[in-house]
Structures are given as C-alpha cells and as structure tokens.
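This is the structure alone, sequence omitted:
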C-alpha cells in the first residue's frame, strides 16, 4: 500500500497548478474562485437580492409617507400628543393609542420574559429528554397559531374568567390595587397584555433556548467544579452567559407585541381614552388602525389612519434599532 506521503503527492498532482496555493495565498485563491462565471453569478444574485429588498423597503416607506402627508399637514406633530380622536370634528390625536400600545407591551413583557427565560432554562438544562422534546414541539405549535385564533380564545374564554375571577381578585391585593382599580369589565388593558404575552412567549422560549445552548461547555464545567448544583449552574453561569442572546429575544418579542393588532382589538375594549387603570378598556395603534381603516373615506380621514401606521412603523423601528445598539455594545464589552 502507498504511504501517506505518496497519497499526498498524488492528490497534489490532481490539483491544477493554478490552484496550488499555500495557506498564505488563501485570499488570492478565493479571489480567483469569485472571478469564475459561477462566482460572479452568485455575487450578482446576492447584490441583486439586497438591492431588491432595499427598493421594496424604500418604496414602502415613501408610499406611507406620501399617503399620510395630508394628515401631518393638517395635524402636524401635535398628532403625537393630542389625546382626542374625533373624525366628526376633524380632531385627530394618537396619544391615547401610543400610551395604550406601550402599556400593553409592557404588561406582555413583564409576564412573558421571566416565564420564557425560566421555561427555556428548564427545557435546555433541567428537563429530561422525554419531557423536553414534546414540550418544545408544543411551544412551536403555539407559535404557529394565527393571531385571530388567540384573539377569539381570549374573547370567549379569558374575558369572562377575568371579569368574574381574576380582576376582582387583583383588586383585593393591597399593594397592587392602585394598578387594578375601577370596575371589572373583562376587556381591558390587562387582558390585552396577557393575550400578547401568550403570543410572544414562544418567541421568547425558542430564542432563549438557542442562546442558552450557545454557552460554552467550559463555563458549565467550571461552575460544577466549584461545587454548584444544577440550578446554581444554570442561574450563576448559563443564564448570565446567554445574556446577549436573551436581550435579543426580548427585543424581537417586543417588536412582535408592538405590531399586533387583530388579537388585541378583540380583547382590549377599544375605548379611545387614556386608561386610568389596567382594568380599564383602551386602544392601541394596531387596534385603532383595524377599527378605523375599513370605514374611512378617501381624503383626510384615511390619511390620518395611515399616519397611525407611520407612527407604529417608526416606533417598531426605534425599538429594533435600540436593540441592535444594545447587542453591539454587549459584544464590544465581551471583546474588551
């Protein structure tokens, strides 16, 4: 049998001389590969796809700004801090909807983030495989449920339960009663936040599991070597090591909660006033768009509704941009 040196020599003889490059010439070899027709075709396809995506995004933004220009010309920036929405008297204000959007998103994150991280840690680090696998599949199935189905479930099942049991109970808690005063009606900011939490929980669990799985094995072994239990290893080493990924999961979940409209419109009560309590009905940007767009006439009314779309798009973009900046700062801290 030929030895390893002979096999290596024969293999090198099969490589064309133009591609026999040392390790130091890898960059030049890649440049020659990209200069081939296939490489040039892939590069053109890549740049073409990027250009098409950019063109679609720019066209979307331009079309929305153009359609909402009449609204901003009529209301100006006061549209952002005016709390009255009265198309009859041509008074338009998005303050109520912005406040409702922020409140329901905050309630959803308060509920979904700790539950999502705890569930991800349990499935990734603590649960046996025979239990973790079906639970993971179940969570993925929840993520695939359409929002209108979740909204109907909230309307038909959660609304009476909240009106007769949950909301009266919350009103009796001494410290929390300030947030839960007023009549228990069922449809409320709280119920909308709970429905949103159910919708973003699969995103939190899936992305947090990915972040936890990416923690180095040496970190786990070091914590075990110091005498930590399984729970201490998860709490002191794994979760802190996955902090950047968990923060990214929170950012994506927040973007999902900000933009949800159908499910929220079915359970929030759609009252165009700033809520005085989490038990009070309210409205969000998404629910206001859903409830108003179908019945408006072309002209100022429709332009004002499209202006709500622009505000929602800007709010979502700000959240995603802030999340990206946070992740980059965390990455620089880890490198330094």
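Looks like it came in fine. Only a predicted model underlies this, so the values are computations on that prediction, with no experimental measurement involved.

for the stretch 201-336 of the chain, what are the low-confidence residue spans?
Counting by pLDDT under 70, the stretch 201-336 of the chain contains low-confidence ranges at 331, 333-336.

how about low-confidence regions in the stretch 1-150 of the chain?
Low-confidence segments of the stretch 1-150 of the chain (pLDDT under 70): 1-40.

just checking, next helix/strand downstream of the longest helix belonging to the chain?
Ranked by residue count, the top helix of the chain under DSSP state H comes out as helix 37-75. Counting by DSSP states H and E, the next helix or strand C-terminal to helix 37-75 is helix 95-121.

So which bits of that following helix are buried?
95-101, 103-105, 107-109, 111-113, 116-117, 119-121 (16 or more other Cβ atoms under 10 Å). Glycine gets a C-beta too; all of them are placed from N, C-alpha and C.

quick check: angle from the helix or strand that contains residue 206 to helix 95-121?
Element membership for residue 206 (DSSP H and E) is helix 189-213. On the basis of axes from the mean of the first three to the mean of the last three Cα atoms, to 10 degrees, helix 189-213 is oriented at 40 degrees to helix 95-121.

Against which helices or strands is helix 189-213 packed?
helix 95-121, helix 129-143, helix 147-153, helix 243-259, helix 262-267 (3 or more Cβ pairs under 8 Å, 6 or more residues apart in numbering; DSSP states H and E).

what's near enough to touch residue 92?
By Cβ atoms under 8 Å, 6 or more residues apart in numbering, the residues touching residue 92 are 71, 74, 75, 79, 82, 84, 85, 86, 304, 307.

Then residue 284?
97, 100, 101, 104, 192, 261, 264, 268.

redo that, cut-off 10 Å
By Cβ atoms under 10 Å, 6 or more residues apart in numbering, the residues touching residue 284 are 96-105, 189, 192, 196, 257-261, 264-265, 268, 270, 290, 308, 312.

Of all the helices and strands packed on helix 189-213, which one is nearest residue 285?
Minimum separation from residue 285 across the helices and strands packed on helix 189-213 (Cβ to Cβ) falls at helix 95-121, 4.6 Å.

picking that back up, show me which residues of the helix holding residue 206 are buried.
Buried residues in helix 189-213, counted by 16+ other Cβ under 10 Å: 189-212.

just stretch 262-280 next, same as before
262-272, 274-275, 277-280.

again with stretch 280-295
Burial within stretch 280-295, assessed by neighbour count using 16+ other Cβ under 10 Å, is assigned to 280, 281, 282, 283, 284, 285, 286, 287, 288, 289, 290, 292.

same check, this time on stretch 232-239
Buried residues in stretch 232-239 (16+ other Cβ under 10 Å): 233, 234, 237, 238, 239.

how far does that stretch stretch from start to finish?
Stretch 232-239 has its terminal residues 10 Å apart, counting by Cα to Cα, to the nearest Å.

neighbouring contacts of it?
117-118, 120-122, 124-126, 208, 211-213, 215-216, 218-224, 226, 228-230, 240, 246.

So the closest residue to residue 171 other than its chain neighbours versus residue 280, what's the distance?
Leaving out its chain neighbours, the residue that sits closest to residue 171 by Cβ to Cβ, 6 or more residues apart in numbering is residue 180, at 5.0 Å. As for residue 180, its distance to residue 280 is 10 Å (criterion: Cβ to Cβ, to the nearest Å).

Could you name every residue contacting both of the two?
188, 190.

which SS state does the residue nearest to residue 171 fall under?
coil (DSSP: H, G, I helix; E, B strand; the rest coil).

these two touch, right, it and residue 190?
Yes - using Cβ atoms under 10 Å, residue 180 is in contact with residue 190, at 7.4 Å.

so how far is the helix holding residue 206 from its chain's centroid?
9 Å (Cα atoms, centre = their mean, to the nearest Å).
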